[in-house]
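Colleague: Kindly generate the corresponding structure for this input.
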Amino acid sequence: MPRYEYRCRTCDDTFEVSRPMAESSAPADCPAGHADTVKLLSAVAVGGTSGAPAPAMRAAGGGGGCCGGGGCG
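Modeller: Presented below is the predicted three-dimensional model:
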C-alpha cells in the first residue's frame with residue numbers, strides 16, 4: 001500500500017499515512033488531531049542500480065568519454 005507524506009500547518013509536524021491510491025487525495029488529520037494539513041510531493045526513484053548504461057545509450061554506441069563520443073585523440 002502506498003505511503004503519502006503530509007505536513008500539519010498548525011504544529012508543523014510531518015507525518016506519513018498508508019492508504020490505497022484511490023484515497024490519495026482524501027484529507028488526513030495529523031497525529032495531534034489537527035485537520036489543517038497539506039499533502040507533500042515525494043520524489044520517487046525508478047530504475048535499476050546495476051551501474052550499466054541505459055538501453056538507449058547502449059544502442060546509440062555508448063557513453064562518449066571526454067568528447068561525447070567524438071574522435072578524441
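Colleague: alpha carbons only for contacts and neighbour counts from here, please
Modeller: Noted.
Colleague: where does the protein have low pLDDT?
Modeller: For the chain, the stretches with pLDDT under 70 are 45, 48-73.
Colleague: Helices of that one, residue ranges please.
Modeller: Secondary structure of the chain by DSSP state H: the helices cover 55-60.
Colleague: All the strands of it, in order from the start?
Modeller: 3-8, 14-18, 37-39 (DSSP state E).
Colleague: Tell me which residues of the second one come out buried.
Modeller: In terms of neighbour count (16 or more other CA atoms under 10 Å), strand 14-18 has its buried residues at 14-17.
Colleague: Which elements pack onto it?
Modeller: With contacts taken as 3 or more CA pairs under 8 Å, 6 or more residues apart in numbering; DSSP states H and E, strand 14-18 sits against strand 3-8.
Colleague: and the strand it packs on, which strands flank it?
Modeller: The strands beside strand 3-8 in its sheet (DSSP bridges) come out as strand 14-18 (antiparallel), strand 37-39 (antiparallel).
Colleague: Mind putting the ones you listed into TSV with distance to residue 28?
Modeller: Formatted as TSV, these follow (distance: least, CA to CA, whole Å):
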stretch	distance to residue 28
strand 14-18	8
strand 37-39	7
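Colleague: nearest to residue 3, of the ones you listed?
Modeller: If you check each of the strands paired with strand 3-8 against residue 3 by CA to CA, strand 14-18 wins as the nearest, at 4.3 Å.
Colleague: How many neighbouring residues does residue 39 have?
Modeller: Residues near residue 39, counting by other CA atoms under 10 Å, number 19.
Colleague: got a list of what it touches?
Modeller: 4-7, 25 (CA atoms under 8 Å, 6 or more residues apart in numbering).
Colleague: Most neighbours of all those, which one?
Modeller: residue 6 leads these on contacts (other CA under 10 Å) with 21 neighbours.
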